[in-house]
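Novice: Structure for the following, please:
(one chain, ligands or ions: 1)
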Amino acid sequence: MTGLRVDHLSYAYGAKQALNDVTFSVEQGSFCALLGPNGAGKSTLFALLTRLFTSAQGTIEIAGHDMGRTPRKALREMGVVFQQPTLDLDLTAQRNMTYFAALHGLSGKDAQHRIDAALDRLDMRERAGEIVRNLNGGHRRRLEIARSLVHTPKVLLLDEPTVGLDAAARRSITDHVHALSETEGLTVLWATHLADEIRDTDQLLILHQGALLQQGLTGELRAGEPLADHFLAMTGATA
Ligand SMILES: Nc1ncnc2c1ncn2[C@@H]1O[C@H](COP(=O)(O)OP(=O)(O)OP(=O)(O)O)[C@@H](O)[C@H]1O
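Specialist: Coordinates of the predicted model:
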């Protein structure tokens with residue numbers, strides 16, 4: 001089954017073509033990395049996938065639901081972690097989770113059960129009572145990922161989720177999210193410009209100047225070359 005399907009998607013800001021006829025699909029339970037240099041069109045793609053923007057050209061399907069025809073069903077199956085953090089720093093981790101659950105119509109014991117499970121998945125349960133301002137950057141990011149899973153989506157989208165984190169926190173978060181796709185069947189789209197966050201067994205999309213230059217299994221695409229070198233050869237940009 002397909003977790004995420006994008007078909008002939010294009011988008012322009014006035015005369016500036018930001019995405020040009022992008023087509024790809026990600027199987028349910030797969031981890032797919034979207035690698036592109038600054039300005040490649042990653043954020044534009046995320047804005048379209050999350051329906052912040054709409055486009056008359058192309059279609060998007062989330063867990064079998066067409067975003068244009070049945071947006072609510074499609075969005076219900078989606079968890080999103082945006083590049084800019086959106087936690088309330090003055091509330092506890094728990095309150096941030098409860099608030100988000102309520103936005104999804106979840107309350108009471110059912111909500112708490114889901115919150116506990118989501119915090120457990122990211123090893124954050126013991127920090128539930130802490131004020132977010134007192135958490136380090138890595139723990140805040142893990143909390144945001146836990147929060148995005150409260151309504152048990154089938155597809156998780158993350159837009160450069162490790163920006164600003166140190167190497168250890170980056171490693172921990174990439175490991176956690178890889179584990180979510182492996183053990184829980186979550187479909188993951190992970191946008192990054194950092195080649196070291198990507199594994200040979202991940203599906204890879206290389207986006208450059210709004211177009212997909214390559215897609216396939218990372219290990220096969222890089223064919224023995226370090227991924228950063230392969231990316232440089234494809235795009236002229238460092239990763
Ligand atoms: N509001 C806008 N008006 C005009 N052009 C824009 C606008 N937003 C983005 N662009 C252009 O569209 C292209 C794609 O931008 P986008 O932000 O999607 O890239 P990105 O891969 O997410 O880059 P970054 O990693 O820097 O966020 C870039 O050339 C950018 O300059």
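
Novice: and this protein, which residues reach the ligand?
Specialist: 13, 16, 18, 36, 38-44 (CB under 6 Å from any ligand atom). C-beta here means a position set from N, CA and C on the backbone, and glycine is covered the same way.

Novice: got the CA positions of the longest helix anywhere in the chain in PDB?
Specialist: Longest among the helix segments of the chain by residue count, using DSSP state H, is helix 167-184. Only the C-alpha atoms of helix 167-184 are listed here, as PDB (Å, rounded to 0.1, in the frame of the first residue of the first chain):
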ATOM      1  CA  ALA A 167      25.500  16.100  16.600                       C
ATOM      2  CA  ALA A 168      24.400  13.800  19.400                       C
ATOM      3  CA  ALA A 169      20.800  15.200  19.400                       C
ATOM      4  CA  ARG A 170      20.700  15.000  15.600                       C
ATOM      5  CA  ARG A 171      21.700  11.300  15.800                       C
ATOM      6  CA  SER A 172      19.200  10.500  18.500                       C
ATOM      7  CA  ILE A 173      16.300  12.100  16.500                       C
ATOM      8  CA  THR A 174      17.200  10.500  13.200                       C
ATOM      9  CA  ASP A 175      17.500   7.100  15.000                       C
ATOM     10  CA  HIS A 176      14.100   7.500  16.700                       C
ATOM     11  CA  VAL A 177      12.300   8.400  13.500                       C
ATOM     12  CA  HIS A 178      13.900   5.600  11.600                       C
ATOM     13  CA  ALA A 179      12.700   3.200  14.300                       C
ATOM     14  CA  LEU A 180       9.200   4.600  14.100                       C
ATOM     15  CA  SER A 181       9.000   3.700  10.400                       C
ATOM     16  CA  GLU A 182      10.500   0.200  11.000                       C
ATOM     17  CA  THR A 183       8.500  -0.900  14.000                       C
ATOM     18  CA  GLU A 184       5.300   1.000  13.700                       C
END
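
Novice: what is the orientation angle of whichever helix or strand comes after that helix with helix 167-184?
Specialist: Sequence-wise, the next helix or strand downstream of helix 167-184 (DSSP states H and E) is strand 187-192. Inter-element angle recorded for strand 187-192 and helix 167-184: 160 degrees (by axes from the mean of the first three to the mean of the last three CA atoms, to 10 degrees).

Novice: Relative to strand 187-192, what are the paired strands and their orientations?
Specialist: Strand 187-192 has the following strand partners under DSSP bridges: strand 31-35 (parallel), strand 155-159 (parallel).

Novice: of those, which approaches Glu197 most closely?
Specialist: strand 31-35 (7.0 Å; CB to CB).

Novice: List of residues touching the closest one?
Specialist: 4, 24, 26, 42, 45, 177-178, 181-182, 187-193, 195, 197-199, 201-207, 218, 231, 239 (CB atoms under 8 Å, 6 or more residues apart in numbering).

Novice: List only buried entries from the residues of the chain next to the ligand.
Specialist: Among those, the ones that count as buried by 16 or more other CB atoms under 10 Å are 18, 36, 40-44.

Novice: tell me which strands and helices the longest helix of the chain is in contact with?
Specialist: strand 31-35, helix 108-121, helix 137-148, strand 155-159, strand 187-192 (3 or more CB pairs under 8 Å, 6 or more residues apart in numbering; DSSP states H and E).

Novice: neighbouring contacts of it?
Specialist: Taking CB under 8 Å, 6+ apart as the rule, helix 167-184 contacts 29-31, 121-123, 136-138, 141-142, 145, 149, 156, 158, 161-162, 165, 186-188, 190, 194, 197, 199, 202.
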